[in-house]
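J.: show me how the following folds:
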Amino acid sequence: MSQPKVFVTRVIPDAGLDLLRPHVELDIWPDELPPDYETLRARSATVDGLLCLLSDRIDAALIEGSPRLKVISTMAVGFDNIDIQAATARGIPVGHTPGALTEATADFAFALLMAAARRITEAERYVRAGRWKTWGPMLLMGQDVYGATLGIIGLGRIGQAVARRARGFDMRVIYYGGSDEDAARAIGAERRSLEDVLAESDFLSLHCPLTPETRGLINADALRRMKPTSILINTARGAVVDHAALYQALRDGWIAGAALDVTDPEPIPLDSPLLTLDNCVIAPHIASSTERTRARIARMAAENLLAGLRGERLPHCANPAVYGQ
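T.: Numbers count the residues shown, from 1 in each chain. From the prediction side, this is the model:
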């Protein structure tokens, strides 16, 4: 009996591939860059399972043009790149990897916060450029983190993990979004309105999913409500922030700084004005990029895929309505 065929849209850690190899016929896209959309559609049209990444557009046309497709598994927590409604209509479960990258992403969000607050990347460039002449009382002064107010938009798993780290710095934590008030109380976070979180935060960290409501949430109006000494951190999705407005805010001093692990689009264009600013730290979407975390995500994605191919319920399903729930 022939094995089910699976298309994997990029080389992923062996922890996931080793689970798949004994059970499926693998077609792995070998390049660093993702397959273009037409190639993705063509490869998906003849497979039983699809293991994709957040940069792959899995829309209704692709799903409808893949008659053998039994399961879609994304190696990511978010699934805004997948047409969930179309998959559910076809009876195709969609797997994702919630919880696997929580701690690594929270670590990185706090690393970005510290880097922007203390101007670490700017200082490193200052040294490498040969500009460091002596110790100076006014040299590269940043913002205090200890005892500051941290605002979190989206107090889910990652937002809560960031809040727990903030306790070690005796920070006051306020938040908007997230429904688990017991968890918020346990970590000492105070629910506030969006307007209050914007106005009171010394550091504003974004951890909300990308939805029609959150797309462009941090726009010019939101940035103008923030303190001129405040710093924005984004490890959620790039499109939550209006980048043109952010550039103006950073250039004109509406806020003091920003640190981004995600941009819109990705990668950020080399002619983006954000890249000209010293007060903007930009990383290439690496918040979950630790060996242990990426291996765990790959395993979860593989386990979801295999369950779907066997007709079993996915361990982590993004569209439980596919099971009549």
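J.: for Arg10, list the residues it contacts.
T.: Ile28, Trp29, Asp31, Pro34, Leu53 (C-beta atoms under 8 Å, 6 or more residues apart in numbering). C-beta coordinates here come from the backbone N, C-alpha and C atoms, glycine included.
J.: please, a PyMOL command that selects the buried ones among those?
T.: Filtering the contacts of Arg10 down to the buried ones (16 or more other C-beta atoms under 10 Å) takes a single PyMOL command:
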select buried, resi 29+34+53
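J.: just the contacts of Arg10: which are in strands?
T.: Secondary structure from DSSP state E places Ile28 of the contacts of Arg10 in strands.
J.: Serialize the contacts of Arg10 to TSV and add fields for distance to His96 and pLDDT.
T.: Listed next are the contacts of Arg10 as TSV, based on distance: C-beta to C-beta, whole Å; pLDDT from 0 to 100:
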residue	distance to His96	pLDDT
Ile28	20	98
Trp29	20	98
Asp31	24	96
Pro34	18	94
Leu53	11	97
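J.: let's have the contacts of Arg10 in a markdown table, adding distance to Gly78.
T.: Formatted as a markdown table, the contacts of Arg10 follow (distance: C-beta to C-beta, whole Å):
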| residue | distance to Gly78 |
| --- | --- |
| Ile28 | 23 |
| Trp29 | 20 |
| Asp31 | 23 |
| Pro34 | 16 |
| Leu53 | 11 |
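J.: doesn't Arg157 make contact with Pro209?
T.: No. Applying C-beta atoms under 8 Å, one finds Pro209 not in contact with Arg157, separated by 11.4 Å.
J.: okay, the two: which has more neighbours?
T.: The neighbour count for Pro209 versus Arg157, taken as other C-beta atoms under 10 Å, is higher for Arg157 (21 against 16).
J.: give the contact list for that one.
T.: Pro98, Gly99, Thr102.
J.: would you say Glu213 is within a helix?
T.: No. Read with DSSP: H, G, I helix; E, B strand; the rest coil, Glu213 is coil and lies in no helix.
J.: what's the distance between it and Gly177?
T.: Distance, Glu213 to Gly177, by C-beta to C-beta, to the nearest Å: 10 Å.
J.: same check, this time on Val71
T.: Val71 is 31 Å from Gly177, by C-beta to C-beta.
J.: so which of the two has more stuff around it?
T.: Neighbour comparison, Val71 and Gly177: the larger count goes to Val71, with 27 against 20 (by other C-beta under 10 Å).
J.: can you give me the helices for this protein?
T.: For the chain, the helices defined by DSSP state H cover 14-20, 37-44, 60-64, 84-89, 102-117, 120-128, 157-167, 181-186, 194-200, 220-225, 243-252, 291-309.
J.: hey, least reliable of these by pLDDT?
T.: Taking the mean pLDDT of each of these, the lowest value is held by helix 181-186, a mean of 92.
J.: can you tell me what sits against that one?
T.: Leu155, Gln160, Tyr175, Gly178, Glu190, Arg191.
J.: go through these and flag which are in strands.
T.: Among the contacts of helix 181-186, the members falling in strands (DSSP E) are Tyr175, Glu190, Arg191.
J.: ok so, going back, list buried residues within the contacts of helix 181-186.
T.: Neighbour-count burial (16+ other C-beta under 10 Å) applied to the contacts of helix 181-186 gives Leu155, Gln160, Tyr175, Gly178, Arg191.
J.: quickly note the distance from the third one to Glu122.
T.: According to C-beta to C-beta, Tyr175 and Glu122 sit 29 Å apart.
J.: next one: the last one
T.: Arg191 sits 34 Å away from Glu122, taking C-beta to C-beta as the criterion.
J.: also Leu54?
T.: Taken as C-beta to C-beta, the span from Leu54 to Glu122 is 29 Å.
J.: doesn't Gly151 make contact with Ala163?
T.: No. Applying C-beta under 8 Å as the test, Ala163 and Gly151 come out as separate, 10.4 Å apart.
J.: list residues touching both of those two?
T.: By C-beta under 8 Å, 6+ apart, the residues touching both Ala163 and Gly151 are Val173, Tyr175.
J.: one step back: and the contacts of Arg157, which are buried?
T.: In the contacts of Arg157, the ones that pass as buried (16+ other C-beta under 10 Å) are Thr102.
J.: residue contacts, the residue nearest the centre of the chain?
T.: What sits nearest the mean C-alpha location of the chain, by C-alpha atoms, centre = their mean, is Ala236, with 3.9 Å. Contacts for Ala236 (C-beta under 8 Å, 6+ apart) come out as Gly154, Leu206, His207, Cys208, Pro209, Leu210, Val262.
J.: can we see that at 7 Å?
T.: Gly154, Leu206, His207, Cys208, Val262 (C-beta atoms under 7 Å, 6 or more residues apart in numbering).
J.: cool, Gly154 as well?
T.: Gly177, Gly178, Leu206, His207, Cys208, Ala236.
J.: before we move on, what about Leu150?
T.: Taking C-beta under 7 Å, 6+ apart as the test, what Leu150 contacts is Ala166, Met171, Val173, Ser201, Phe203, Ser205.
J.: nearest residue to the second one in space, please, no chain neighbours.
T.: The shortest distance from Met171 to any residue that is not its chain neighbour, by C-beta to C-beta, 6 or more residues apart in numbering, is 4.7 Å, and that residue is Leu150.
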